[in-house]
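Q: Turn this into a structure:
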Amino acid sequence: MSAVQTQHATIEVTGWITKFVGGVGSGRKLFEEPIGGRETVRDILRRVCARYSELDAALWDDSKKDLGDNIEVLVNDAVLGLTHTLDSELNPGDCITLVGQYMGG
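A: I've put the predicted structure just below:
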């Protein structure tokens, strides 16, 4: 009898954003997130944010419907909005990366 394998997407959190998911504010943290049929980028981000309230507050805008301005989301190394949107379905093996935007002068 063969075991059913769970399908996953990888969530990569980098730099200062790691402090919102139990990190030290540098480097990176990786999570394997199970995905079912027809789950979107938004679905997975919401599920991860449900476990990390500080990430939830930092990632979403005040309406909690759209992303805020401080964290860039990439799907398979492409900035969200190019080949994927928040409502794009994920495939097993896809990677969502959260990268902090740096501001300065």
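Q: shaky segments in the chain?
A: The model of the chain has pLDDT under 70 over residues 1-6, 103-105.
Q: swap the cut-off to 90 and go again
A: Residue ranges of the chain with pLDDT under 90: 1-6, 36-37, 62-65, 69-70, 81-83, 101-105.
Q: which residues does Ala69 contact?
A: Just so we're on the same page, residue 69 is Asp rather than Ala. 61, 101 (Cβ atoms under 8 Å, 6 or more residues apart in numbering). The C-beta positions use only the backbone N, C-alpha and C, and glycine is treated the same way.
Q: could you pull out the helices for the protein?
A: Assigned by DSSP state H, the chain shows helices spanning 41-51, 53-59.
Q: Can you list the residue ranges for strands in the protein?
A: Assigned by DSSP state E, the strands in the chain fall at 8-14, 28-34, 71-75, 78-79, 95-100.
Q: Give me the helices and strands touching the third one, please.
A: Which is strand 71-75. Under the contact definition 3 or more Cβ pairs under 8 Å, 6 or more residues apart in numbering; DSSP states H and E, strand 71-75 sits against helix 41-51, strand 95-100.
Q: Tell me which residues of the shortest one come out buried.
A: Going back to what we said before, that points to strand 95-100. 96-100 (16 or more other Cβ atoms under 10 Å).
Q: That one: partners in the sheet, and parallel or antiparallel?
A: Taking DSSP bridges as the criterion, strand 95-100 forms sheet pairs with strand 8-14 (parallel), strand 71-75 (antiparallel).
Q: hmm, back to that, distance to Val21 for the strands of the chain - can I get that in a markdown table?
A: Putting the strands of the chain into a markdown table (distance: least, Cβ to Cβ, whole Å) gives the following:
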| stretch | distance to Val21 |
| --- | --- |
| strand 8-14 | 5 |
| strand 28-34 | 6 |
| strand 71-75 | 12 |
| strand 78-79 | 21 |
| strand 95-100 | 9 |
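Q: which one of those strands lies closest to Ala50?
A: strand 28-34 (11.6 Å; Cβ to Cβ).
Q: Please identify the buried residues of the closest one?
A: Per 16+ other Cβ under 10 Å, strand 28-34 contains these buried residues: 29, 31, 33.
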